[in-house]
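>>> turn this into a model:
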Amino acid sequence: MISRMPRTLSIVALGLVFLVACTARTDSAPKTEPAGTTATKAGPDATVKSEAPNAEQLLADAVEAMGGAAKFSALQSFYSEATLSTGALGLTGTAKTWWRGGDFYNESEMPGVGQMKIGRLADKVWGNDPISGLRALSEKEAEQAMWSASLCLAHDWRRYFKSVGEPKAAVEDGRKVFEIPMTTPLGDVVVLRLDAETKLPVSQSFTQVSPLGSMPMTVRFKDYRETDGLKIPFQQELDASLTKVVSTTVKIEFNAAVDETKFAMPGAAQAVVPGMLVDPAKVDPAKAAAPEPDAKAAPGKANKPKPKG
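Below is the predicted model of the structure:
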C-alpha cells in the first residue's frame, strides 16, 4: 500500500487546523481500532468474519496486485513530486520526496501553512514545521514517520509492524473490502483496507501523533496507474477532523539517483527556537555556539588591552 504521503499530509492538515483555530485533538487514541474504521462498516459484510481470507495471504495478494514482491524487493530508491490541495480553503501547495532503503526526506510547502520538512537517516528521525520548529522525533512520532515513508506497506509490513490481526469483511463507498489491523511495536494500530475483488489498497486509518495531540485520520487511495511495472495510486486523499488534503502525484522515478545528504537532520538544531521555522542553511553554527558577552563589562572595554608601561 502506498503510504509515502500520509505523514506529509498529516502535517499539512495539522497546520490547517492550527490556521483556522479549530481543535481536532483527541485525548487518547482508540485502543482497538483507529478512527474511521467504524464509519466505513455497513451491511452484513461488516460482521462476516468467515468470508475474509488469512491476513498474510491478503497482504501477499495486495503486493501481487501492485506489481509483485520481486519488483518491490528490487526497488532501491525513488523520487516523487506531488501537488497538494485543500478543497474548502482553496489552498494549493507542492511536495517532494526522496527515499532510499528506508531513509527518506520529504519537503512540502503551502501558502498559509508554511514549509514542512521531515527526514530519516538510520535510526534518527526529525521534522521541521511552522508549528514545532526543527526537532528530533521519537517514540510513536518517529515510528509513524518511518512506516509512512514506505512505498508498499503490504510488502514491508514485517519491517514496521509486530503483528497483523484477523481480517474483517466490510463495505466502503459501496464496495466490499477486507480490513486488516496492523499493530506497531509501540502499540499503534493501522487499519489497511483492500478491495475484495482487485486486492488493491483502498484506504487506511490511523491516529496521528503530534505535539498538538492525537488526531484520527483516514487516507484513501485513488487513480491507480502502472509505472515501470508497479501499480500505484496517483491520488491520495487525507480526511482529518474538519480538514481534507488531496495529494496528486505528478512525477515519480524508481531507482533514481537520490541526494543522500538530504536525509540527515540539519546540524544547527541547537540554534532553533521551538515553535519557529528556521532555515538551517542561514544559521552560522560558530555564532550559535559562541558564548554570550559579559553583561557586566562596560561597553567597548571588555576586551580592550591594557596600555604598556
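
>>> what are the pairing partners of the helix or strand containing residue 170, and which direction each?
Assigned by DSSP states H and E, residue 170 belongs to strand 168-172. Strand 168-172 sits in its sheet next to strand 175-183 (antiparallel), going by DSSP bridges.

>>> CA-only coordinates of the partner strand in CSV, if you can.
Presented in CSV, the C-alpha positions along strand 175-183 are these (Å, rounded to 0.1, in the frame of the first residue of the first chain):
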residue,chain,number,x,y,z
ARG,A,175,-17.7,-1.9,-2.4
LYS,A,176,-16.7,-4.8,-0.4
VAL,A,177,-13.3,-4.5,1.3
PHE,A,178,-11.2,-6.5,3.7
GLU,A,179,-9.9,-4.6,6.8
ILE,A,180,-6.6,-5.7,8.2
PRO,A,181,-5.5,-4.3,11.6
MET,A,182,-1.7,-4.0,11.8
THR,A,183,0.0,-3.3,15.2
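
>>> quick check: the closest residue to residue 84 other than its chain neighbours vs residue 113, distance?
Closest residue in space to residue 84, ignoring its immediate chain neighbours: residue 93 at 4.0 Å, by Cβ to Cβ, 6 or more residues apart in numbering. Yep, even glycine has a C-beta here, placed from its N, CA and C like the rest. From residue 93 across to residue 113, the span is 7 Å (Cβ to Cβ, to the nearest Å).

>>> equivalent analysis for residue 244, please.
14 Å.

>>> neighbour count winner among these two?
Taking other Cβ atoms under 10 Å, residue 244 and residue 113 do not tie; residue 113 has more neighbours (25 against 16).

>>> before we move on, back to that, list the backbone torsions phi and psi for the residue nearest to residue 84.
phi -160, psi -170 (degrees, to the nearest 10).

>>> now do the contacts for it.
Counting by Cβ atoms under 8 Å, 6 or more residues apart in numbering, residue 93 touches 12, 83-85, 108-111, 113.

>>> show the buried residues in those.
Buried members of these, counted by 16 or more other Cβ atoms under 10 Å: 12, 84-85, 108, 110, 113.

>>> how about JSON lines for the contacts of residue 93, with distance to residue 122 and pLDDT added?
As requested, the contacts of residue 93 are exported to JSON lines (distance: Cβ to Cβ, whole Å; pLDDT from 0 to 100):
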{"residue": "12", "distance to residue 122": "26", "pLDDT": "55"}
{"residue": "83", "distance to residue 122": "31", "pLDDT": "96"}
{"residue": "84", "distance to residue 122": "28", "pLDDT": "94"}
{"residue": "85", "distance to residue 122": "34", "pLDDT": "94"}
{"residue": "108", "distance to residue 122": "23", "pLDDT": "94"}
{"residue": "109", "distance to residue 122": "26", "pLDDT": "94"}
{"residue": "110", "distance to residue 122": "29", "pLDDT": "90"}
{"residue": "111", "distance to residue 122": "34", "pLDDT": "87"}
{"residue": "113", "distance to residue 122": "29", "pLDDT": "83"}
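
>>> can you give me the helices for the stretch 101-250 of the chain?
139-148, 153-160 (DSSP state H, counting those that start in this stretch).

>>> elements contacting the shortest one?
Applying 3 or more Cβ pairs under 8 Å, 6 or more residues apart in numbering; DSSP states H and E, one finds that helix 153-160 contacts helix 55-65, helix 69-73, helix 139-148, strand 189-195, strand 201-210.

>>> tell me what angle that helix forms with helix 55-65.
130 degrees (axes from the mean of the first three to the mean of the last three Cα atoms, to 10 degrees).

>>> buried set for helix 153-160?
For helix 153-160, by 16+ other Cβ under 10 Å, it's 153-157, 160.

>>> nearest to residue 228, out of the helices and strands packed on helix 153-160?
Relative to residue 228, the nearest member of those by Cβ to Cβ is helix 69-73, separated by 8.2 Å.

>>> ok, residue 185 - contacts?
Residues near residue 185 by Cβ under 8 Å, 6+ apart: 143, 161-162.

>>> and these as a markdown table, adding neighbour count?
Shown next, in a markdown table, are the contacts of residue 185 (neighbours: other Cβ atoms under 10 Å):
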| residue | neighbour count |
| --- | --- |
| 143 | 20 |
| 161 | 20 |
| 162 | 12 |
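
>>> turn these into a markdown table, columns for distance to residue 219 and pLDDT.
Listed next are the contacts of residue 185 as a markdown table, based on distance: Cβ to Cβ, whole Å; pLDDT from 0 to 100:
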| residue | distance to residue 219 | pLDDT |
| --- | --- | --- |
| 143 | 17 | 95 |
| 161 | 17 | 97 |
| 162 | 22 | 97 |
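
>>> hmm, back to that, now the contacts of residue 93 in a markdown table, with distance to residue 173?
Below are those laid out as a markdown table (distance: Cβ to Cβ, whole Å):
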| residue | distance to residue 173 |
| --- | --- |
| 12 | 23 |
| 83 | 23 |
| 84 | 22 |
| 85 | 20 |
| 108 | 27 |
| 109 | 31 |
| 110 | 27 |
| 111 | 31 |
| 113 | 28 |
